[in-house]
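A.B. asks: I'll drop the sequence and a predicted model, then ask my questions.
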Amino acid sequence: MIHGACNCGEVRYEVDTETRDVYVCHCSICRRFTGSAGIAVLVVDRGAFRWLSGQDSISHWTKPGSDWESWFCRTCGSAVPGTNTETTMFIPAGTVSSSDAELRVAHHIYVNSKAAWDVIGDTGKQHPGAFSG
């Protein structure tokens with residue numbers, strides 16, 4: 001079981017999964033969203049995900065002209081889990097309780113658009129664009 005929360009603790013969730021793989025997206029949209037090299041997320045089955053509290057504290061934004069969406073806590077601004085596909089959710093890895101999971105970076109996506117100053121220093125598989133399973 002994986003548990004997580006935003007910075008203020010208003011939004012809380014749990015996931016009944018064994019997923020340990022982290023995907024790091026290096027695209028310019030994710031860089032702007034986080035203010036860093038990208039965003040690290042877990043991708044989990046929607047059926048394994050449960051909100052524990054704070055759903056009414058979540059705001060949502062869609063980048064105009066695209067399908068890129070973000071979800072964040074209205075109180076503290078932390079990124080929170082959101083829809084990935086019809087059957088999956090993404091979970092910002094930084095929101096996962098560190099005592100719950102031994103996560104590892106398995107994939108870097110959109111490395112062809114990473115920032116010039118971004119140096120990938122782990123063994124995660126690098127993909128020029130989206131992950132293609």
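C.D. replies: Cool, the structure landed.

A.B. asks: drop to CA atoms for contacts and neighbour counts, all remaining ones
C.D. replies: Fine.

A.B. asks: where's residue 64 relative to residue 105, distance?
C.D. replies: Using C-alpha to C-alpha, to the nearest Å, residue 64 is found at 30 Å from residue 105.

A.B. asks: So those two - more neighbours on which side?
C.D. replies: For the pair residue 64 and residue 105, the greater number of neighbours falls to residue 105 (18 against 8), based on other C-alpha atoms under 10 Å.

A.B. asks: For that one, give the beta-bridge partners.
C.D. replies: Beta-bridge pairing of residue 105 under DSSP bridges involves residue 22.

A.B. asks: list the contacts for it?
C.D. replies: 21-24, 122-124 (C-alpha atoms under 8 Å, 6 or more residues apart in numbering).

A.B. asks: ok, of these, which come out buried?
C.D. replies: 21-24, 124 (16 or more other C-alpha atoms under 10 Å).

A.B. asks: wait, residue 107 sits on residue 39?
C.D. replies: No: with contacts defined as C-alpha atoms under 8 Å, residue 107 does not count as touching residue 39, sitting 11.7 Å away.

A.B. asks: intersection of neighbour lists for those two?
C.D. replies: By C-alpha under 8 Å, 6+ apart, the residues touching both residue 107 and residue 39 are residue 24.

A.B. asks: between those two, which one's more packed in?
C.D. replies: Taking neighbours as other C-alpha under 10 Å, residue 107 and residue 39 compare with residue 39 leading, 23 against 19.

A.B. asks: Just to check, the more buried one is in contact with residue 32?
C.D. replies: No: with contact defined as C-alpha under 8 Å, residue 39 does not reach residue 32; the gap is 9.7 Å.
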